[in-house]
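# let's see this in three dimensions:
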Amino acid sequence: MTVIGLDDTDSRTRGMCTTYLATRLAEAVVDAGGRVERTLLVRLNPAVEHKTRGNAALAIHTDLPADAATDLAAERIDALAVDADTRTSPGLVVADDDPETVPDAVADLAVRAVHDQLSLATALDVADAAGYEHRGWAGAGCDVAGRGRIGALAAIGAWAAFDEWTYEQIAYRAFDRCGSSRDVNIDSVFAAADRGYPTVWDTVDREDGQAVCVPNAPGPILYGIRGDDPDAVASVADGIDGEPIERDRCFVTNQGTDSHLQAGTLGSLQAGEAYRVDGVVTESPETREGGHVFFTLGSSGGDNADTPDDAGGEATADCVAFEPTKRFRDRVRALRTGDRLTVCGEYSDGTIKLEKFAVRELDRTERVTPTCEGCGRRMKSAGSGQGYRCRDCGTSTPGKVTRQIDRELERGWYEVPPCARRHIAKPLVRGGFDAPTHPER
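Here you go, the predicted model:
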């Protein structure tokens with residue numbers, strides 16, 4: 001077997017798409033007499049600086065000899081990759097290996113590329129030790145040639161590194177239409193999405209009225225349908241009406257798996273990585289400029305929240321639901337000091353960017369000024385340290401009292417809506433979570 005790895009052939013502003021290049025390359029492999037076993041779409045660490053929107057790398061599993069595969073891939077990169085963007089740095093790695101039995105170092109690099117931030121030197125050391133052919137290109141003015149070899153090598157190791165896979169059926173428009181408005185019948189998208197749900201997910205955002213599967217970027221993708229079954233995603237795609245489709249392909253992918261999340265603890269989080277963290281709300285949610293909602297999560301909810309964890313006190317981190325997460329912010333605003341949570345998201349600048357959270361325990365009480373049992377009026381302070389007194393009846397109590405309150409939230413998992421979900425984040429509707437779920441549609 002031969003595995004072809006590709007990455008970083010597109011641009012945030014000038015379009016193209018590495019999935020399109022991989023599709024064209026897979027077709028060329030077949031035209032050259034080879035067989036394509038599968039095409040992988042691997043989402044890497046979404047916090048990486050040098051990325052386009054989804055940070056995807058591609059791998060093609062084929063029986064074409066490695067030298068012929070290398071030449072074909074290089075030809076397609078030369079012809080299709082964006083070469084006028086200073087951020088674009090295409091990379092190609094070709095492995096004369098079975099994808100299930102690549103060296104451990106290659107599989108390990110795939111895991112690290114999803115969790116961490118790697119250097120090109122690290123990737124090239126691993127590729128050279130494995131004896132893999134690799135080539136690099138640089139966009140105009142780019143000072144690094146072939147940075148995409150990091151993702152390309154990670155895509156080669158992904159099949160051995162990960163166990164959970166989903167599918168995406170991508171339809172491509174005529175290439176000369178790139179940059180023009182997409183002609184897709186939105187009513188047909190919503191109808192097809194309803195038929196496919198929940199096996200097919202994140203096709204639309206029903207509350208926001210948005211066809212999530214139709215991108216806004218100026219590339220060749222017309223729409224992409226994600227789900228747990230290849231036949232199901234193909235069926236939903238077939239039900240969408242719109243402009244002519246030039247070609248399409250079903251990718252095996254780690255999208256919707258949460259494979260980027262690592263178990264972490266407050267006080268030991270590393271910037272640029274994504275975590276699943278337990279804690280307690282120590283400062284209530286606050287809506288700040290721009291509509292972003294922040295709260296503070298502590299390791300134990302104690303009174304010494306500003307004390308570093310390694311000093312025996314409490315570690316804390318801010319958590320934020322950004323404005324584009326829309327109604328998810330209302331779930332965050334409903335939190336209170338004392339609520340125990342598990343939160344998930346990328347950590348940077350001391351802040352966890354929320355993708356989902358689980359309510360483990362709700363604080364269902366609050367401390368309030370007591371009410372006089374005789375007259376029913378609220379008592380007044382009797383002075384500093386002297387408790388409360390009813391001025392009419394003369395009754396008193398030593399301090400505030402506890403009362404039960406209703407909460408808008410329930411125990412279980414809450415998530416951002418489909419319109420705000422990262423490609424790699426796992427939708428609640430897919431199941432497998434450790435508490436009740438409240439999926440967004």
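# which strands or helices does the helix or strand A79 falls within pack on?
Assigned by DSSP states H and E, A79 falls within helix 66-80. Applying 3 or more C-beta pairs under 8 Å, 6 or more residues apart in numbering; DSSP states H and E, we find helix 66-80 packed against strand 2-7, helix 18-31, strand 91-95, strand 133-136. For every residue, glycine as well, the C-beta is placed using N, CA and C.
# pairing partners for the residue lying closest to R360 once chain neighbours are set aside in the sheet, please.
Distances taken as C-beta to C-beta, 6 or more residues apart in numbering place R340 nearest to R360, at 4.4 Å, with adjacent residues excluded. Taking DSSP bridges as the rule, R340 bridges to V280, E361.
# am I right that I156 is in a strand?
No - under DSSP: H, G, I helix; E, B strand; the rest coil, I156 sits outside any strand and is assigned helix.
# follow-up on the earlier one: is it true that the residue nearest to R360 touches E361?
Yes - between R340 and E361 there is a contact at 4.1 Å, judged by C-beta atoms under 8 Å.
# who has more neighbours, the two?
Taking neighbours as other C-beta atoms under 10 Å, R340 and E361 compare with R340 leading, 17 against 11.
# show me what contacts the more buried one?
D278, G279, V280, V281, G301, V359, R360, E361 (C-beta atoms under 8 Å, 6 or more residues apart in numbering).
# from Y347, how far off is the second one?
The spacing between G279 and Y347, counted by C-beta to C-beta, to the nearest Å, is 13 Å.
# identify the contacts common to those two.
A317.
# how close does T365 get to G338?
Applying C-beta to C-beta to T365 and G338 gives a distance of 8 Å.
# compare those two (neighbour count), which wins?
Each of T365 and G338 has its neighbours counted (other C-beta under 10 Å); G338 has more, 16 against 12.
# I figured the more buried one was touching V281, is that so?
Yes - with contact defined as C-beta under 8 Å, G338 counts as touching V281 (6.4 Å).
# picking that back up, tell me the most packed of the contacts of R340, by neighbour count.
Neighbour counts for the contacts of R340, by other C-beta under 10 Å, peak at G279, which reaches 25 neighbours.
# and for that residue, nearest residue in space, chain neighbours not counted?
Counting by C-beta to C-beta, 6+ apart, G279 lies nearest to L297, which is 3.9 Å off, once chain neighbours are set aside.
# one more: A26?
The shortest distance from A26 to any non-neighbouring residue, by C-beta to C-beta, 6+ apart, is to V36 (4.8 Å).
# contacting residues around that neighbour?
V36 makes contact with A26, V29, V30, I60, H61, T62, according to C-beta under 8 Å, 6+ apart.
# give me that answer again for 7 Å
A26, V29, V30, I60, T62 (C-beta atoms under 7 Å, 6 or more residues apart in numbering).
# so where do the helices sit in the stretch 151-300 of the chain?
Counting by DSSP state H, counting those that start in this stretch, the stretch 151-300 of the chain has helices at residues 186-196, 230-238.
# can I get the longest one in PDB? Just the C-alpha atoms.
So that's helix 186-196. Only the C-alpha atoms of helix 186-196 are listed here, as PDB (Å, rounded to 0.1, in the frame of the first residue of the first chain):
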ATOM      1  CA  ILE A 186     -32.200  26.200   1.100                       C
ATOM      2  CA  ASP A 187     -35.700  24.600   1.500                       C
ATOM      3  CA  SER A 188     -34.300  21.400   0.000                       C
ATOM      4  CA  VAL A 189     -31.400  21.500   2.400                       C
ATOM      5  CA  PHE A 190     -33.700  21.700   5.400                       C
ATOM      6  CA  ALA A 191     -36.000  19.000   4.100                       C
ATOM      7  CA  ALA A 192     -33.000  16.600   3.400                       C
ATOM      8  CA  ALA A 193     -31.500  17.400   6.800                       C
ATOM      9  CA  ASP A 194     -34.800  16.500   8.500                       C
ATOM     10  CA  ARG A 195     -34.900  13.100   6.700                       C
ATOM     11  CA  GLY A 196     -31.300  12.300   7.600                       C
END
